[in-house]
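Visitor: Need the 3D shape of this:
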Amino acid sequence: MNESRTTREARRPEPDAGVGPARVLARLALLCLAGAVAAVVAGTGHILILLLGLAGLGLAGAGLWWALAHRGLARLLGAVLAITAPVGVLVLYAVSGLWVVAVVALAAWTAALGCARSALRRLRKPHGMHTRAVRPPRRAVLIMNPRSGGGKVGRFGLVERAEALGARVILLDLDTDPDPVALARQAVAEGADLLGVAGGDGTQALVAGVAAEHGLPFMVVTAGTRNHFAMDLGLDRDDPVSSLEALSNGVELRVDLGDISGRPFVNTASFGTYAHIVQSPDYRDAKAATALDQLPDLLTGDAGAALNARTDDEALEAPQAVLVSNNPYARADPLTGGRRERLDTGALGVIAVRVGGAVQAAELALLGERASGITTLTSRSVVVESDEESIPVAVDGEALTLPPPVVCTVRPGALRVRVPRHRPGAPYVAPTVDWYRVLRLAFDRSPYGHEKHDRAAAARHHDQNQEQRDV
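Guide: Sure, this is the predicted structure:
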């Protein structure tokens, strides 16, 4: 039975709550959009120059492709084009007198996007993951990496602070190549009732797998370099000491755990270009130089394993890169600070990239994640295949090689995570603006349509599953 009743970090708003303000923002977004269009129309006397502006953005994307996919003179010319094309557009607009039109149009478009995102955010605020109050652990064991995050363990005095709260600390001796899984299993055999990690996401995933296997709570101390998992749990990444409050004043979350060929992961499993690059022994000391050296062969297909991937509903033919995440990202840019709204949806996020040349690179520069070269979807499982005997994979930042087919799945609610009762929380990240939804919201009396019933049913189903897991 529960040690106390289940609670929520944030309650789901009533379906019609916030529709009024959201509708006002949606209409304001359309008004700003109309202003941007009007500004462009005002410059139709210089339509050729306006078109040249769009062409300049496309040329910048094409130049970036040549800079990444080639070496020598072609790379140099591509880099020059990627820099000079946007500068040339700015100069052209300034000389022709269209800079006022461009500034007004850009300002109106920016305001339209801001209002549209605010409208959608008010319309459907994401509710927090379920929590339940729990008693403090009696025999907590924390595994700490003294070098992680540039030495955060020592700099913040995490060992002494954790021991003062009654936890036993295992400090990894990295000179002996320690096995976190073996250490975690030994701690369980000795009676640990909580396992935790102060280290990188890769170490966290391995120990989290042991905790899930034995049904024990797991705890994250934000002592890693990037702390992606901690960020999506809502922990304070700038203050590792605050993570230790989970030992004395914590609540518990149920989150999903990714699995790749029997190995757990908490963030992502990456295949293709990035996975090949991180295999290089020079990558950690010279990331940019290593990437520039290897990208030409990888992007043109002269090196690396040719991949195919299958999800529940779709086949992905010959992608250059596939990123599988434990729960989907709000946008298709996890490498640039993307976030997952939830960690308990029971689904994997899939982002596949296929850019076949300068034309598609130009399209990517103009359309971003809506470009045809990017596929974003969700799935319960992903199978990555290749004709090679083994393929490189980057799992939570760790470089591995695995025999194909590589199967990625998700284990819904498999991990009990202990977090501080009081923590910053993960800020909401609005998805890409769906202008059709904004239009419906602005003028339709029932902006939810049939989605209202579907979401309510899904919420009831989720709540029932959560209650069953908590019992």
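Visitor: use CA for all of it now, contacts and neighbours both
Guide: Noted.
Visitor: Let me see the backbone angles for L195.
Guide: phi -120, psi 140 (degrees, to the nearest 10).
Visitor: show me what contacts it?
Guide: 140-143, 184, 207-208, 211, 216-219 (CA atoms under 8 Å, 6 or more residues apart in numbering).
Visitor: And the furthest pair within these?
Guide: Spatially, the most separated pair among those is I143 and L216, at 14.8 Å (CA to CA).
Visitor: higher neighbour count, those two?
Guide: A direct count of neighbours by other CA atoms under 10 Å for I143 and L216 places I143 higher, at 24 against 19.
Visitor: Where do the helices of the stretch 101-250 of the chain begin and end?
Guide: 152-155, 158-164, 180-189, 201-214, 228-233, 240-243 (DSSP state H, counting those that start in this stretch).
Visitor: now stretch 106-125, how far from the centre of its chain.
Guide: 21 Å (CA atoms, centre = their mean, to the nearest Å).
Visitor: again, but for stretch 57-77
Guide: On CA atoms, centre = their mean, the centre of stretch 57-77 falls 27 Å from that of its chain.
Visitor: List the buried residues in that stretch.
Guide: 57-71, 75-77 (16 or more other CA atoms under 10 Å).
Visitor: In helices only, show me these.
Guide: 57-69, 75-77 (DSSP state H).
Visitor: which residues does R418 contact?
Guide: 217-220, 246, 250-253.
Visitor: could you dump the contacts of L195 to TSV with distance to T376?
Guide: Formatted as TSV, the contacts of L195 follow (distance: CA to CA, whole Å):
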residue	distance to T376
A140	40
V141	39
L142	37
I143	36
A184	36
V207	30
A208	27
A211	31
L216	34
P217	32
F218	30
M219	31
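Visitor: Looking at the residues you listed, which is nearest T378?
Guide: A208 (23.1 Å).
Visitor: Quick check: the gap between the closest residue to that closest one other than its chain neighbours and L195.
Guide: Spatial nearest neighbour of A208, excluding adjacent residues (CA to CA, 6 or more residues apart in numbering): F218 at 6.2 Å. Distance, F218 to L195, using CA to CA, to the nearest Å: 5 Å.
Visitor: hey, what's in contact with both of these two?
Guide: Common neighbours of F218 and L195 (CA under 8 Å, 6+ apart) are 208, 211.
Visitor: Tell me where the stretch 351-471 of the chain is predicted with low confidence.
Guide: Applying pLDDT under 70 to the stretch 351-471 of the chain flags residues 358-370, 372, 426-432, 445-471.
Visitor: could you pull out the helices for it?
Guide: Under the criterion DSSP H, counting those that start in this stretch, the stretch 351-471 of the chain contains helices at 358-367, 435-443, 451-470.
Visitor: Between the two ends of stretch 148-155, what distance do you get?
Guide: 11 Å.
Visitor: which residues are contacting that stretch?
Guide: 144-147, 158-159, 198-200, 223-226, 240.
Visitor: Mind giving me the ChimeraX select for those, buried ones only?
Guide: Here is the ChimeraX command that picks out the buried ones among those, judged by 16+ other CA under 10 Å:
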select :144,145,146,147,158,159,198,199,200,223,224,225,240
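Visitor: Which one of the contacts of stretch 148-155 is nearest to D177?
Guide: Nearest member of those to D177, counting by CA to CA, is N145, at 11.6 Å.
Visitor: Please list all residues in contact with the closest one.
Guide: Neighbours of N145 in contact, by CA under 8 Å, 6+ apart: 153, 171-172, 174, 198-199.
Visitor: would you list those residues in a markdown table and tack on distance to A305 and pLDDT?
Guide: Output for the contacts of N145, formatted as a markdown table (distance: CA to CA, whole Å; pLDDT from 0 to 100):
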| residue | distance to A305 | pLDDT |
| --- | --- | --- |
| V153 | 39 | 93 |
| L171 | 38 | 93 |
| L172 | 35 | 91 |
| L174 | 32 | 82 |
| A198 | 35 | 94 |
| G199 | 31 | 90 |
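Visitor: Export these as a markdown table, with columns for distance to A82.
Guide: A markdown table is the format used below for the contacts of N145 (distance: CA to CA, whole Å):
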| residue | distance to A82 |
| --- | --- |
| V153 | 42 |
| L171 | 48 |
| L172 | 46 |
| L174 | 43 |
| A198 | 41 |
| G199 | 38 |
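Visitor: C-terminal to the helix-or-strand element of the chain with minimal mean pLDDT, what's the next element?
Guide: In the chain, the helix or strand scored least confidently by mean pLDDT, DSSP states H and E is strand 6-8, which has a mean of 40. Toward the C-terminal end, the helix or strand that comes next after strand 6-8 (DSSP states H and E) is helix 19-42.
Visitor: Of all the residues in that following helix, which ones are buried?
Guide: For helix 19-42, by 16+ other CA under 10 Å, it's 19, 22-23, 25-36, 38-40.
Visitor: now swap in stretch 313-332 and tell me
Guide: 316, 318-332.
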